[in-house]
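Asks: mind folding the following:
(2 chains)
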Amino acid sequence: MGQLSKKTPALSLLIVGLLAWLLPGAGHLLLKEKKRSIIIFVTIVLTFCTGLYIGSIGVIDPVGAKPWYVAQIMNSPMVAALGHLTAGGGFPAYGRPNEIGQIYTSIAGLLNLLCIVNAVYLAHLNRAKMAGG
Amino acid sequence: MSVETLFVMATFRAPENIGTNPQSMLWLLPLTAAIAVVYKATKLPKITAINFIKEVAVLFGSIIVFIAITALALHALAWLTTE
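Replies: Next comes the predicted model:
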């Protein structure tokens, strides 16, 4: 990471951001923040799975609930595969379970967005530190 | 694929049975805990078990107290406008 960071600073930040999006906590793991990455991974995956358990995979609805889907896809691009599966309307979810499931999965996505931004910021700080000293 | 795996996968295909009652609002508690944990994981400069748990507990409590105050204020407002 250090070598890459010196040669192509923008690319290293992009890699950290992409990794953090691909797998929650992976961006921090790349920055050798092991404890942070484990906490982030466990909490976000657990929150997302709780949402899916409560409302079923039908809460991921790229057709009928687009704004929620935008937040949900921040969890990982793998959510798009679930969205492809549910786009046909084969997993209907209504009422309170649907609401709670959507809120859980979307909040998990927004928390991961916070972690992506934080990982990129930490990578930028590390790079600035290396350049300065 | 084992029967247990199929059973776990099947639970994600149908929604749970949750009614529209006041108790269903308790589902906000685990979500609040998750928000407090992830927020503090990104904000603390150094993570140690005791300090992390203390910070998370304080943030979790603050959010719950603020929600309770907001709920009471809204309830009082609704009571004043309808009575």
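
Asks: get me the contact residues on chain A for chain B.
Replies: A:35-36, A:39-40, A:43-44, A:46-47, A:50, A:52-58, A:91, A:93-98, A:100-101, A:103-104, A:107-108, A:111, A:114-115, A:118 (Cβ under 8 Å from any Cβ of the partner chain). For the C-beta atoms, the positions are set from N, CA and C on the backbone; glycine is no exception.

Asks: do stretch B:44-52 and chain A meet?
Replies: Yes: for stretch B:44-52, a contact with chain A is found by Cβ under 8 Å from any Cβ, at B:Ile47, B:Phe52.

Asks: going by neighbour count, list what's buried in that stretch.
Replies: Within stretch B:44-52, the residues scored as buried using 16 or more other Cβ atoms under 10 Å in any protein chain shown are B:Ile47, B:Phe52.

Asks: which residues are in contact with it?
Replies: With Cβ atoms under 8 Å, 6 or more residues apart in numbering or on different chains as the contact definition, stretch B:44-52 has outside contacts at A:Lys35, A:Arg36, A:Ile39, B:Lys40, B:Ala41, B:Glu55.

Asks: and the one helix or strand the second one maps to, which residues are buried?
Replies: By that I understand A:Arg36. Taking DSSP states H and E as the criterion, A:Arg36 maps to helix A:34-55. For helix A:34-55, a neighbour-count test (16+ other Cβ under 10 Å) marks A:36-37, A:39-45, A:47-48, A:50-55 as buried.

Asks: so which residue is dead centre in chain A?
Replies: A:Asn75 (2.9 Å; Cα atoms, centre = their mean).

Asks: that older thread, tell me the helices and strands packed up against the helix holding A:Arg36.
Replies: Counting contacts by 3 or more Cβ pairs under 8 Å, 6 or more residues apart in numbering or on different chains; DSSP states H and E, helix A:34-55 is packed against helix A:26-30, helix A:95-132, helix B:28-43.

Asks: give the contact list for the residue nearest to the centre of chain A.
Replies: A:Pro24, A:Ile44, A:Phe48, A:Thr105, A:Ala108, A:Gly109, A:Asn112.
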